[in-house]
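A.B. asks: Requesting a structural model of the entry that follows:
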Amino acid sequence: MARLIRDDTEALAVAQALAARFAPEAAARDRERRLPWAELDDFSASGLWGITVPREYGGAGVSNVTLAQVVATIAAADGSLGQIPQNHFYALEVLRVGGSEAQKRFFFARALAGERFGNALAEIGHKDFKRRTRLSREGSGWRIDGKKFYCTGALYAHWIPTLVVAQEDGREVSYLAFVPRRAPGVTIVDDWDGFGQRVTGSGSVSFEHVHVEADWVVPFQASFDTPTTIGPVAQLLHAAIDLGIGRGAFAATLEFVREHARPWVDAGVERAADDPLAIQQVGDVAVRLRAAEALLHRAGRIVDATQRGPDADSVANASVAVAEARALTTTASLLAGSKLFELGGTGATLDHLGLDRFWRNARTHTLHDPVRWKYHAVGNFYLNDRNPPRHGAL
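C.D. replies: Okay, here's the model as predicted:
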């Protein structure tokens, strides 16, 4: 059974304590590609995976501001551990918006008990974004057939929320089916070999005649046909992960420059920390990270307000606010990872230090969706009064 977190303050305190425990072995886990089973058990037992469950269902119902802070705190300690629950919280938001009362009671209780939701959303092998994993009627329930990739967290999950399509009245309709991790016909392959976010378990999941109960299938397409906060919440979480990775890189930069780096000969100082150009560069990174943090905090407040009264305008405002934050967390995290080496010097590249993981993790995670389209959505909103499209990437 997981701890029951009561409020935002407790959630933040628990996250800080966990991050302190996760950080010391983060480089070794990345270098050895050591899957974090024990850490994830501690993470989900902490109660943090249930903090967005609404109060009326027994959870803390924390604000999106707090959720983003929790995720960024964990990601600063270990980028992979920060990313793994992203789709768990995404699934909880899909349930909150589109699930039936029975589905909410059941799955919210599972999350509060410490069970983890993974994901099987994306598919590869085609240049389009068409979904090919099928949902077919089978007796009183459904059957799933198909294959997914980039399934972050599925390897560690108790349930795998899976994006599927069904034929209804001559058209395709999307659903999110919650599939038990151990269901017959489910095969999970740990074949993620990206150079960053190495232990997120973001590999393949295949479904061969997998039976799911009707009560485990939640409407998905309808949640985007009307204005909801599913997309903004998803993107807020991604921005928090990027911010956290950037914070981790910045903290590593400060330590390395203070303790190990050599000043450039023309600086005329004995310590790298007294090099005036290094000081300026550190200040630049600090300002960009602080600006990204401020935009993320602002976006969280706007998403909170939108959840209380979603309509076309409020959801558009939330999407734009999160896109603004995501644009800056992307560039700030990449900058922090790069400046770590520029200011640390060649000594910072030694493999046993594992400092390259910050840039690799930032570069990998920020590729979830292109930042150029964040700027496009923001610019189109202000210049042409056009609301951004409603989907999970905005």
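
A.B. asks: just the strands in this structure please.
C.D. replies: Per DSSP state E, the chain carries strands over the ranges 134-138, 141-148, 159-168, 171-180, 186-189, 204-212, 217-219.

A.B. asks: Now do the buried residues in the third one.
C.D. replies: So the one you mean is strand 159-168. By neighbour count on 16 or more other CB atoms under 10 Å, the buried set for strand 159-168 is 159-166. Any C-beta I mention is one placed from the backbone N, CA and C, and that applies to glycine too.

A.B. asks: can I see the domain layout of the protein?
C.D. replies: Domain ranges of the chain: 8-112, 134-220, 226-384, per automatic domain parsing.

A.B. asks: Could you work out which of the ones you listed reaches nearest to L121?
C.D. replies: Among the domains of the chain, the nearest to L121 by CB to CB is domain 134-220 (4.5 Å).

A.B. asks: how far out from the middle of the chain is the closest one?
C.D. replies: 19 Å (CA atoms, centre = their mean, to the nearest Å).

A.B. asks: List the buried residues of the lowest-mean-pLDDT helix or strand in the chain.
C.D. replies: Of all helical and strand segments in the chain, the minimum by mean pLDDT, DSSP states H and E falls on helix 222-225, at a mean of 82. Using 16+ other CB under 10 Å as the test for burial, helix 222-225 gives 223-224.

A.B. asks: other SSEs contacting that helix?
C.D. replies: Under the contact criterion of 3 or more CB pairs under 8 Å, 6 or more residues apart in numbering; DSSP states H and E, helix 222-225 touches helix 86-98, helix 230-259.

A.B. asks: Make a markdown table from these and add mean neighbour count and mean pLDDT to it.
C.D. replies: As requested, those are arranged in a markdown table below (neighbours: other CB atoms under 10 Å; pLDDT from 0 to 100):
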| stretch | mean neighbour count | mean pLDDT |
| --- | --- | --- |
| helix 86-98 | 24 | 97 |
| helix 230-259 | 25 | 98 |
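
A.B. asks: quick one, what contacts D78?
C.D. replies: 22-23, 26, 29, 36, 39 (CB atoms under 8 Å, 6 or more residues apart in numbering).

A.B. asks: Kindly apply the preceding question to I51 instead.
C.D. replies: 5, 11, 59-62, 66-67, 70.

A.B. asks: now do 10 Å
C.D. replies: Shown in contact with I51 (CB atoms under 10 Å, 6 or more residues apart in numbering): 4-8, 10-12, 14-15, 59-63, 66-67, 70, 89, 92, 111-112.

A.B. asks: Among those, name the ones in helices.
C.D. replies: Those of the contacts of I51 mapping onto helices are 8, 10-12, 14-15, 66-67, 70, 89, 92, 111-112, per DSSP state H.

A.B. asks: and the strands of the chain, which is most packed in?
C.D. replies: Stretch with highest mean neighbour count among the strands of the chain: strand 159-168 (a mean of 22; mean count of other CB atoms under 10 Å).

A.B. asks: Now that we have the contacts of I51, which of them are buried?
C.D. replies: Buried among the contacts of I51 (16+ other CB under 10 Å): 5, 8, 10-12, 14-15, 59-63, 66-67, 70, 89, 92, 111-112.

A.B. asks: Can you get me a residue count around V265?
C.D. replies: 6 (other CB atoms under 10 Å).

A.B. asks: residue ranges with poor pLDDT in the stretch 1-150 of the chain?
C.D. replies: For the stretch 1-150 of the chain, applying pLDDT under 70 flags no range at all.

A.B. asks: The residue most central in space within the chain: what's its closest spatial neighbour, skipping adjacent residues?
C.D. replies: The geometric centre of the chain, computed from its C-alpha atoms, lies nearest to Q86 (CA atoms, centre = their mean), at 3.5 Å. Among residues not flanking Q86 along the chain, L237 sits closest, at 4.7 Å (CB to CB, 6 or more residues apart in numbering).

A.B. asks: what's the answer for A278, then?
C.D. replies: L343 (5.3 Å).

A.B. asks: residues contacting the one you found?
C.D. replies: 253-254, 256-257, 261, 272-273, 275, 277-279, 281-282, 285.

A.B. asks: Can you say which of the residues you listed are buried?
C.D. replies: 253, 256-257, 261, 272-273, 275, 278, 281-282, 285.

A.B. asks: The buried residues of strand 159-168 into a markdown table, with extra columns for distance to A214 and pLDDT?
C.D. replies: Below are the buried residues of strand 159-168 laid out as a markdown table (distance: CB to CB, whole Å; pLDDT from 0 to 100):
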| residue | distance to A214 | pLDDT |
| --- | --- | --- |
| W159 | 16 | 98 |
| I160 | 17 | 98 |
| P161 | 16 | 98 |
| T162 | 15 | 98 |
| L163 | 17 | 97 |
| V164 | 13 | 97 |
| V165 | 16 | 96 |
| A166 | 12 | 95 |
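
A.B. asks: List just the nearest of these to T331.
C.D. replies: L163 (29.4 Å).

A.B. asks: Does the closest one touch F224 like I think?
C.D. replies: No: between L163 and F224 there is no contact under CB atoms under 10 Å: 11.9 Å.

A.B. asks: shared neighbours, those two?
C.D. replies: Common neighbours of L163 and F224 (CB under 10 Å, 6+ apart) are 174, 392.

A.B. asks: residue furthest from the geometric center of this protein?
C.D. replies: G268 (44.2 Å).

A.B. asks: and the gap between it and F256?
C.D. replies: 21 Å (CB to CB, to the nearest Å).

A.B. asks: Distance check, the closest residue to T329 other than its chain neighbours against V233.
C.D. replies: Closest residue to T329 apart from its sequence neighbours, by CB to CB, 6+ apart: D242 at 4.0 Å. Counting by CB to CB, the gap from D242 to V233 is 15 Å.
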